[in-house]
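Colleague: Quick one, what's the 3D model for this:
(chains A and B)
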Amino acid sequence: MLTTRPRGTADILPGQVEKWQYIEEKIVRICREYGYREIRTPVFEHTELFVRGVGEDTDIVEKEMYTFRDRGDRSITLRPEGTASAVRAYLENKLYAGPQPVKLYYIGPMFRYDRPQAGRLRQFHQFGVEVFGSYHPAIDAEVMAMAMDFYGRLGLNDLELHINSVGCPNCRPVVRKRLQEFFQPVLADLCPNCRGRFERNPLRILDCKSDRCAELSREAPTTVDCLCPDCGEHFAQVQQFLQDLGIPYVLNNRLVRGLDYYTRTAFEIMAPDIGAQSSVGGGGRYDGLIEACGGPPTPGIGYALGLERIILALENRGLAPDVTSGPEVFVVVLGERAAREGFALLAKLRRAGIAADMDYQGRSLKAQMKYAGKLGVRYTVIIGEEELQRNIVVLRDMESGNQREIPGARILQNLAEPAADR
RNA sequence: GUGGAUGUAGCUCAGCUGGUUAGAGUACCAGAUUGUGGCUCUGGGGGUCGUGGGUUCAAGUCCCAUCAUCCACCCCA
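Modeller: Below is the predicted model:
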């Protein structure tokens, strides 16, 4: 073999791809019901879009982007997430001039130069939604409710919704100051990582997985403690709407999302059983992002779900759909003349909407039967010299093994009729 | 980016302290059944032992590097 697929990429083969199609159908449907319309943006963008839109201090921008120079010497980046592109498209196509809010969804590949492991690839796939133009707390609740509804429709009823509010630019300096005051006395006890975070982004200390840091931060002030009156009220209303909808959630004041642009509502959906990468989706509000990208001051909120992780969760629970994509009828032929007749019959079956196939390997009757059995077809139609002379075909039910002779002219009608008549 | 484990037929794996032509199960193909799948039996094809170096009379087996996979960290979807 010349080469293999690049590290962290996957071939989605027949047998697996049906799971993707199943999920994709559910996505199209739920988005229509919730009033979201699809947008398709390029998989690569100018690098500065992500630097600005995701945030310079994020891991994504610092070390995970697939960035290269194209032949025109432009810096291009394979998209690491979907929000920045949606914002760019919203501004570039002046969607803010139309009725608000604008509710969009996308589905497609994303690229991050991470170290691959279970549930994490370099090319992975996300389904996400974005709402531009509404500050209303009900839209926060809708977005979360929709995500949970989507999981529920797939049978994933045991996932946990964690929510938090990270405040707005008014609250940020307050949290920062109070956290630094809190951690100052124990600074030397924090992990090396968190010692760095102390200056740069003390919020992230709350999120640290190290036992020592978690212990030290148990009594630390949280973002919720420092919310300004507006943010506090907004968060209270978001929760009220969730309760009204009967959506269970966990208040998690350690939840700090990695992307710089989040304001107020932040949430994450966890599946504890799919390995270390337990997040199957997350999102939040980003009221400053659109302005930061050069647009009019416009609020936004969205989420993204990882499709590979959803599939992992489905497989773990035995919820992945059965694969039933093979043909229904197999045409078995013996000899040249029968092969021509069979080929013509095959075309007729297909035109009648019946999934059908035949042998193209010159196999013996026995081998054709065996092959048909492996394909899992319900019926075989057998045509040989004898049948040709008598102007009939043999119709065999592969499950029961029963077979009967049918006049050649009637076979199409016979297969198209309900099973009871056969 | 860091640490650990693992790479032998398409797949799951065996191969003892280095020692003749590298095995099994399964899958694939064919025959038993000269026109009938699933069960059974028989036979057959298929392996640069991840790759590249090294040690040795001799390397699948030991050493080094490299690539890949898995797990954990980091981070996230």
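
Colleague: same question for stretch A:25-35, mean pLDDT?
Modeller: Stretch A:25-35 carries an average pLDDT of 98.

Colleague: how about that stretch: buried residues?
Modeller: A:27, A:30-31, A:34 (16 or more other CB atoms under 10 Å). Heads up, the C-betas are built off the backbone N, CA and C, glycines and all.

Colleague: okay, the residues you listed in CSV with secondary structure and distance to RNA strand B next?
Modeller: Output for the buried residues of stretch A:25-35, formatted as CSV (DSSP: H, G, I helix; E, B strand; the rest coil; distance: CB to the nearest atom of the strand, whole Å):
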residue, secondary structure, distance to RNA strand B
A:Ile27, helix, 15
A:Ile30, helix, 17
A:Cys31, helix, 17
A:Tyr34, helix, 19
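
Colleague: Give me the residue ranges of the stretch 201-350 of chain A where confidence is low.
Modeller: A:209-211, A:258-260, A:324 (pLDDT under 70).

Colleague: Give me the nearest residue to the residue sitting nearest the centre point of chain A, chain neighbours excluded.
Modeller: In chain A, the centroid-proximal residue (CA atoms, centre = their mean) is A:Leu307; its distance is 3.1 Å. Of all residues not flanking A:Leu307 in the chain, A:His125 sits nearest, at 4.1 Å (CB to CB, 6 or more residues apart in numbering).

Colleague: which SS state does that neighbour fall under?
Modeller: strand (DSSP: H, G, I helix; E, B strand; the rest coil).

Colleague: can I assume it is in contact with A:Arg112?
Modeller: No - A:His125 is beyond contact range of A:Arg112, at 12.0 Å (criterion: CB atoms under 8 Å).

Colleague: Please see if stretch A:78-92 touches RNA strand B.
Modeller: Yes - using CB under 7 Å from any atom of the strand, stretch A:78-92 comes into contact with RNA strand B via A:Glu81.

Colleague: Only the buried residues of stretch A:308-316, if you could.
Modeller: A:308-314.

Colleague: tell me the two of these that are most distant?
Modeller: Largest separation among the buried residues of stretch A:308-316 by CB to CB: A:Glu308 and A:Leu314, giving 10.8 Å.

Colleague: show me the contacts for A:Gly128.
Modeller: Counting by CB atoms under 8 Å, 6 or more residues apart in numbering, A:Gly128 touches A:82-83, A:86, A:105-107, A:283, A:302-305.

Colleague: Which of these sits closest to RNA strand B?
Modeller: Within those, the smallest distance to RNA strand B is 4.4 Å, found for A:Ala304 (CB to the nearest atom of the strand).

Colleague: helix/strand/coil for that closest one?
Modeller: strand.

Colleague: you'd agree it is up against A:Val280?
Modeller: No - the criterion here is CB under 8 Å, and A:Ala304 misses it with A:Val280 at 10.3 Å.

Colleague: Specify which residue of the two has the higher count of neighbours.
Modeller: Each of A:Ala304 and A:Val280 has its neighbours counted (other CB atoms under 10 Å); A:Val280 has more, 25 against 20.

Colleague: Good, we can wrap up now.
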